[in-house]
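give me a model of this one.
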Amino acid sequence: MKKKNVLRVTLASAIALSGFAPAALAHDALDLEGGQKGYREVFSQEELEALKIGYKFSGDKNVKNLTEVASIQIKPGEDGRQKNMADVYAHKGFAYTGTHTAGGGTGGVRVFDLKNPANPKEVATFATDIPNTWQEKVIVKTVNTPSFKGDLAVVSVQQLSRNSASQPNSFGGVLLYDVSDPYNPKKLGFYKFSDRRITGTHELYLVQQGNRLLLLNSSPYADYYTGGKEKDFQIIDVTNPANPQKLWDFDPRILPEVPANFNGYHWNAPDGKQRPVFNHSVITDNNGQYAYVSMWDLGTVIFDIRNPENPVLVGRTEYAPNQKGSAHSAALAKGGNILIETREVSNPVGAGYESAYGYTRIFDISDKSNPKLLSNFVTDLTFDIPPTSTGRTTFAKTVHDPKVQGNTLYLSYYSGGVLSVDITDPANPVEIGRYTPDGADVWGVFLDRNYVLASDMGQGLKVLLKNNSGGNSTRNLEVK
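Numbering: from 1, shown residues only. Okay, the predicted model is just below:
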């Protein structure tokens with residue numbers, strides 16, 4: 001494996017981590033019957049700090065393929081409190097970053113002018129108008145429909161709490177903004193979940209089909225919380241961004257292996273295990289023909305969405321009986337014939353499962369009805385498991401999000417930073433670089449021109465120069 005930097009982890013205070021998990025996390029607490037808790041990724045500031053106390057991470061900002069040219073923290077929110085950063089997206093020389101739950105949430109989307117990538121400027125904030133929420137994901141695209149022409153941003157909105165008594169004005173959904181002038185975003189609409197039992201939208205995607213504009217929506221646990229009234233995966237027509245209309249949603253019961261009594265979360269899988277099933281994320285190909293839905297232990301489910309009112313289930317990825325599923329996110333490569341599936345496994349042990357943190361799987365999907373596993377990409381973190389339960393449950397060592405450019409796969413890896421992987425031969429992926437700043441907590445990664453953008457939960461926006469596309473100098477970075 002060709003790499004110049006290996007993340008080094010030292011247990012400095014095992015007792016400080018006992019019972020805690022890191023803050024680089026995505027989901028709400030799932031309230032199950034009998035007081036049990038399901039998949040949980042929202043934690044208090046105290047729990048966040050426990051990770052920093054318990055682990056000491058050291059790394060290298062300048063490696064063979066990636067060099068840090070800028071690092072900038074986001075400004076405090078409108079309430080004066082410091083927020084933390086979630087995902088990152090780039091469009092036309094601007095970076096758009098979501099915000100997580102620190103500082104009481106409602107940090108909105110931050111816009112950075114990247115005219116000079118070595119000196120990003122935060123120039124606007126939007127999507128702060130729904131109280132007691134957080135805005136993890138933003139997608140921005142240039143669209144042209146009969147109702148709107150310009151640059152459209154869609155923003156996920158999730159409630160901090162579903163307690164209607166304490167937060168009556170909080171609702172989940174999707175905000176839609178005109179960002180044709182990134183300095184002055186203008187609100188166009190809000191796809192609002194009327195049922196407050198739905199936490200909200202976690203990840204989402206935007207694609208245009210001819211004159212039609214589609215929003216693909218991931219709302220974890222919607223099926224469970226509403227008793228099947230609403231579903232976790234929805235397709236919404238936003239051709240008129242001021243008037244979003246739901247076209248279709250996915251009921252997992254259409255799969256022959258999912259029984260009719262599926263309760264919207266627990267799935268009694270054919271391997272004899274009770275597995276979690278919910279929609280975490282979705283992407284499409286560039287033409288909006290196929291959707292790839294990350295349905296956790298149901299795998300990456302592939303739909304033909306050329307008729308969005310009546311999508312056709314095509315196929316899905318599957319897991320060995322000893323693998324936790326945890327299909328978190330996906331990316332496409334090789335003209336859409338290769339599927340990258342990242343699996344967010346925080347607890348690397350469990351009865352009947354392999355001992356491993358989440359790693360990446362690469363599939364040949366030239367036949368989408370029959371995805372074929374080509375390789376598993378693991379790192380030195382994957383099997384670096386503490387011998388006791390103390391400090392074991394942590395997202396610091398699992399993969400998170402994937403992005404692909406040409407034959408290079410980029411992975412956000414929480415405390416592992418950003419990894420670059422050569423997938424020229426998808427059956428033999430090779431790590432070729434790793435950016436790991438001290439105290440890294442990298443949530444998202446995105447590709448913009450000759451740069452890799454990384455969103456660090458605690459440190460803000462990182463701008464990385466791909467050294468193989470112009471050397472490691474920061475001279476002449478200004479975009480004319």
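
I'd guessed Gly288 sits against Gln209; true?
Yes. Gly288 is within contact range of Gln209, at 4.6 Å (criterion: CB atoms under 8 Å). For glycine as for every other residue, the C-beta is placed from the backbone atoms N, C-alpha and C.

higher neighbour count, those two?
Gly288 (20 against 17; other CB atoms under 10 Å).

now do the SS call for the more buried one.
coil (DSSP: H, G, I helix; E, B strand; the rest coil).

just to revisit the earlier point, mutual contacts of Gly288 and Gln209, please.
Overlap of the contact sets of Gly288 and Gln209 (by CB atoms under 8 Å, 6 or more residues apart in numbering) consists of Arg306.

tell me, what residue is most central in this structure?
Nearest to the geometric centre of the chain sits Asp401, at 5.5 Å (CA atoms, centre = their mean).

next one: that one, what pLDDT does it get?
pLDDT for Asp401: 98.

the one 3 residues further on too?
Reported pLDDT at Val404 in the predicted model: 97.

indicate each strand paired with the helix or strand containing it and its parallel or antiparallel sense.
In the assignment (DSSP states H and E), Val404 maps to strand 402-405. Its sheet considered, strand 402-405 pairs with strand 408-412 (antiparallel) by DSSP bridges.

ok, residues contacting stretch 270-278?
The contact list for stretch 270-278, computed with CB under 8 Å, 6+ apart, reads 38-39, 220-221, 223-224, 232, 252, 257-258, 262, 265-269, 295-298, 321, 325, 352.

any idea how far Ala124 is from Glu309?
As judged by CB to CB, to the nearest Å, Ala124 and Glu309 stand 36 Å apart.

next one: the strand holding Val404 to chain centre, how far?
13 Å (CA atoms, centre = their mean, to the nearest Å).

buried residues in that strand, which are they?
Under the neighbour-count criterion of 16 or more other CB atoms under 10 Å, strand 402-405 has 402-404 buried.

turn the residues you listed into CSV, including distance to Thr388.
Converted to CSV, those look like this (distance: CB to CB, whole Å):
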residue, distance to Thr388
Pro402, 31
Lys403, 35
Val404, 38
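
of these, which is the nearest to Ala242?
Ala242 lies nearest to Lys403 out of the buried residues of strand 402-405, by CB to CB, at 30.9 Å.

my guess is that closest one contacts Leu453. True?
No. Look at Lys403 against Leu453 with CB under 8 Å: they stay out of range, at 9.5 Å.

overlap in contacts of those two?
With CB under 8 Å, 6+ apart, Lys403 and Leu453 have common neighbours 445-447.

which of those residues are buried?
Buried among those (16+ other CB under 10 Å): 445-447.

quick revisit: among the contacts of stretch 270-278, the buried ones, what's the PyMOL command?
Entered in PyMOL, the line below selects the buried ones among these, by 16+ other CB under 10 Å:
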select buried, resi 38+39+220+221+223+224+232+252+258+262+265+267+269+295+296+297+298+325
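
among the contacts of stretch 270-278, which lie within helices?
Counting by DSSP state H, the contacts of stretch 270-278 place 223-224 in helices.

show me the shaky parts of this structure.
Scanning the chain for pLDDT under 70 picks out the ranges 1-64, 468-480.

what do you get if the cut-off is 50, keeping everything else the same?
1-58, 469-480 (pLDDT under 50).

what's the distance between the closest residue to Gly444 other than its chain neighbours and Gly352?
Leaving aside its chain neighbours, Gly444 sits nearest to Asp87 (3.8 Å; criterion: CB to CB, 6 or more residues apart in numbering). Computed as CB to CB, the Asp87 to Gly352 distance reads 33 Å.

cool, Tyr221 as well?
Distance from Tyr221 to Gly352, by CB to CB: 24 Å.

biggest strand in this protein by residues?
strand 149-159 (DSSP state E).

got the CA coordinates for the helix or strand just after that one in PDB?
Sequence order places strand 173-178 as the next helix or strand after strand 149-159, per DSSP H and E. Provided in PDB are the C-alpha atoms of strand 173-178 (Å, rounded to 0.1, in the frame of the first residue of the first chain):
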ATOM      1  CA  GLY A 173     -38.200  18.800   5.700                       C
ATOM      2  CA  VAL A 174     -36.300  20.500   2.900                       C
ATOM      3  CA  LEU A 175     -35.700  24.200   2.300                       C
ATOM      4  CA  LEU A 176     -35.200  25.400  -1.300                       C
ATOM      5  CA  TYR A 177     -33.200  28.500  -2.100                       C
ATOM      6  CA  ASP A 178     -32.300  30.600  -5.100                       C
END
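
tell me the buried residues in strand 173-178?
Of the residues in strand 173-178, 173-178 count as buried by neighbour count, 16+ other CB under 10 Å.

including distance to Ser369, could the residues you listed go into CSV?
Listed next are the buried residues of strand 173-178 as CSV, based on distance: CB to CB, whole Å:
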residue, distance to Ser369
Gly173, 33
Val174, 31
Leu175, 36
Leu176, 34
Tyr177, 38
Asp178, 39
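
tell me which stretches of the stretch 251-400 of the chain form helices.
Taking DSSP state H, counting those that start in this stretch as the criterion, the stretch 251-400 of the chain carries no helices.

how long is stretch 77-88 end to end?
Terminal residues of stretch 77-88 lie 17 Å apart, using CA to CA, to the nearest Å.

same thing with stretch 195-215?
Note: stretch 195-215 ends 19 Å apart using CA to CA.

now do the buried residues in it.
For stretch 195-215, by 16+ other CB under 10 Å, it's 196-209, 213-215.

among those, name the ones in helices.
Per DSSP H, the buried residues of stretch 195-215 never map to helices.

can you flag which of those belong to strands?
Checked against DSSP E, these include these in strands: 204-209, 213-215.

which single one of the residues you listed is nearest to Ile236?
Nearest member of those to Ile236, counting by CB to CB, is Leu215, at 4.3 Å.

residues of stretch 106-124 that come out buried?
106-114, 117-118, 120, 122, 124.

and that stretch, how far out from the chain middle?
Centre to centre, stretch against its chain (CA atoms, centre = their mean), the figure for stretch 106-124 is 20 Å.

perfect, I'm done here.
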